[in-house]
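Visitor: Provide a 3D model corresponding to the input given below.
(one chain, ligands or ions: 1)
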Amino acid sequence: MLNIENVSLTIGAYTLLDNISLQLNEGKIYGLLGPNGAGKTTLFKSMLGLTAYSGKITSDNQLLSSRDFGSLIEYPAFYNNLTVVENLQLHSQYLEIQQPDIQSSLEQVDLWGARKKKFSQLSLGMKQRLGIARAFLGTPKYLLLDEPTNGLDPMGIKEIRILLKDKLKSPQHCILVSSHNLTEIAAIADELIFIHGGQIIKTMQNTFENEQDLEKLYEDIMISCQKEGA
Ligand SMILES: Nc1ncnc2c1ncn2[C@@H]1O[C@H](COP(=O)(O)OP(=O)(O)OP(=O)(O)O)[C@@H](O)[C@H]1O
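Guide: Residues are numbered from 1 along each chain as shown. Below is the predicted model:
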């Protein structure tokens, strides 16, 4: 279990994260929802140790290790002139992942057939899936995906949904995914986390049968945050 306790981050006059406490459990997919600038990426970066913060984040009561996490934050950066396989081999060497199962990870995201293609030859959807394969390569406990469906067409979005829900979700792994696409979040998440102005506004089970109901709740929450000036 990932335990986030009273995590805050202030830079100059701006409070990016405001006393965030959350518990994230293996076996679940969490959807992180919030408008532009809410603090989603900053929260991911604090978990990954990419930004300073006050408060405490632990995994099963232990200090965090970079091995605990796999992440896809913002646009996935790879070497354009290397092939799919070469990119993953390089990443494994860089992270000192012992005996990475590159074939399985590529099969999982349906890219084994494209293993000899250069990164520059991949479609956006293939690039996102390769980013997820890379994030999952060391079989981390926590998989952090920041807007993985950004810019994808409906088929690409569907592929990511199937990948997360039917292939990567497991009792051993916790997946935290941020998205502005409420339809996707309604379809894949077990739990919902609403964030606004660096604060967690609400956490709840995803009981939404359709995205219209989630959309309505999202709008109500965000409008009331704006009124309160959160
Ligand atoms: N290094 C920084 N210094 C100052 N402000 C920052 C820094 N990084 C991010 N911010 C600000 O912190 C706020 C939260 O940014 P963040 O990128 O975490 O939001 P987000 O929820 O991921 O937004 P989006 O949905 O647009 O990706 C924004 O107002 C952003 O401008």
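Visitor: Now do residue 112, the pLDDT please.
Guide: Looking at residue 112, its pLDDT is 96.
Visitor: ok, now which ones touch residue 165?
Guide: Neighbour list for residue 165: 29, 187, 188 [criterion: C-beta atoms under 8 Å, 6 or more residues apart in numbering]. C-beta: built from backbone N, CA, C; applies to glycine.
Visitor: Go ahead and confirm the first one touches residue 167.
Guide: Translated: residue 29. No - judged on C-beta atoms under 8 Å, residue 29 makes no contact with residue 167 at a distance of 11.9 Å.
Visitor: can you tell me which residues contact the most centrally placed residue in the chain?
Guide: Centroid-nearest residue in the chain: residue 145, 1.7 Å away (criterion: C-alpha atoms, centre = their mean). Contact partners of residue 145, counting by C-beta under 8 Å, 6+ apart, are 71, 72, 132, 135, 164, 175, 176, 177, 178.
Visitor: which strands and helices sit next to the lengthiest helix in the chain?
Guide: Longest helix of the chain, by residue count under DSSP state H: helix 211-228. Packing partners of helix 211-228 (3 or more C-beta pairs under 8 Å, 6 or more residues apart in numbering; DSSP states H and E): helix 182-188, strand 191-196, strand 199-205.
Visitor: Looking at those, which is nearest to residue 6?
Guide: strand 199-205 (11.3 Å; C-beta to C-beta).
Visitor: what does that closest one rub up against?
Guide: Strand 199-205 is contacted by residues 18-22, 39, 190-195, 221, 225, 230 when judged by C-beta under 8 Å, 6+ apart.
Visitor: cool, and stretch 103-110?
Guide: With contact meaning C-beta under 8 Å, 6+ apart, stretch 103-110 is reached by 84-85, 88, 112, 115, 129-130, 132-134, 136-137, 159, 163, 167-168.
Visitor: could you pick out which of those residues are near the ligand?
Guide: Applying C-beta under 6 Å from any ligand atom, the subset of the contacts of stretch 103-110 adjacent to the ligand is empty.
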